[in-house]
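*Asks:* Build me a model from this:
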Amino acid sequence: MAKTRAQRKAERRAREAEERKRSDDGRESVSHAQHDTQVPVSGDIAEIEAMEAGIAAGAPEAQLETPDAPKPRSHRRAEAKAKKEAEKRQIAERKRRESEQLAKKQKQASAERQRGGVIGFLVSCWAELKKVQWPDRETLIQATAVTIIFVAVAAAYLGALDALFNFLVKRIL
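*Replies:* Numbering: from 1, shown residues only. Predicted coordinates for the structure are as follows:
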């Protein structure tokens with residue numbers, strides 16, 4: 001959440017007062033080697049200080065916002081509204097295309113109905129034959145072999161059952 005100018009000033013004054021208090025103690029709480037390896041300020045504080053320095057230099061606050069800073073509600077609403085409008089336009093365009101395709105299909109169907117019954121039937125048959133995915137030679141041979149083998153197995157099974165029942169009927173009578 002973005003902080004106001006007054007909040008940033010108050011935080012800066014508090015930090016300065018804390019630093020003065022530490023320096024007034026006269027004793028160093030951190031050794032020199034340890035002091036060199038510590039991070040002097042956090043990223044948030046550094047960002048705030050940079051913004052304050054930019055404001056002091058005369059730059060407007062809007063230009064100093066970072067890209068990841070939260071946007072005001074009005075900007076979010078405007079973006080959401082623009083996104084909804086874009087979605088509505090896409091849906092309307094899709095519906096328009098679908099209605100055009102439907103009208104085109106209806107026009108083709110009415111053109112086919114106007115032809116004579118036999119000629120219309122032959123034209124529709126030819127159109128369906130164009131849509132067929134014809135098998136290649138290898139697939140055709142394989143499907144034919146499977147069919148012939150299945151018919152042979154079924155014929156042998158039914159022939160064996162016929163012979164068995166014929167034998168049983170002759171025994172009973």
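*Asks:* how about the helices in the chain?
*Replies:* Using DSSP state H, the helices assigned to the chain run over residues 5-25, 32-37, 43-56, 73-114, 117-131, 137-172.
*Asks:* most packed of the ones you listed?
*Replies:* Highest mean neighbour count of these: helix 43-56, a mean of 14 (counted as mean count of other CB atoms under 10 Å). Placement of C-beta: from N, CA and C, glycine included.
*Asks:* Now do that one, average pLDDT.
*Replies:* Averaged across helix 43-56, pLDDT comes to 70.
*Asks:* The helices of the chain: lowest mean pLDDT?
*Replies:* Among those, helix 32-37 has the lowest mean pLDDT, at a mean of 58.
*Asks:* so who does K84 touch?
*Replies:* When contacts are counted by CB atoms under 8 Å, 6 or more residues apart in numbering, K84 touches no other residue.
*Asks:* if I look at it, how far off is R97?
*Replies:* Computed as CB to CB, to the nearest Å, the K84 to R97 distance reads 21 Å.
*Asks:* Next up, phi/psi of T4, please.
*Replies:* phi -80, psi 170 (degrees, to the nearest 10).
*Asks:* number of nearby residues for it?
*Replies:* Residues contacting T4 under the criterion other CB atoms under 10 Å number 9.
*Asks:* Could you chop the protein up by domain?
*Replies:* Per the record, the chain has its domains at 5-70, 71-132, 134-173, by automatic domain parsing.
*Asks:* what about A2, neighbour count?
*Replies:* Per other CB under 10 Å, the neighbour tally for A2 reads 13.
*Asks:* Could you report the separation of it from I48?
*Replies:* Distance from A2 to I48, counting by CB to CB: 10 Å.
*Asks:* Also F165?
*Replies:* 99 Å.
*Asks:* One more: K104?
*Replies:* Counting by CB to CB, the gap from K104 to I48 is 63 Å.
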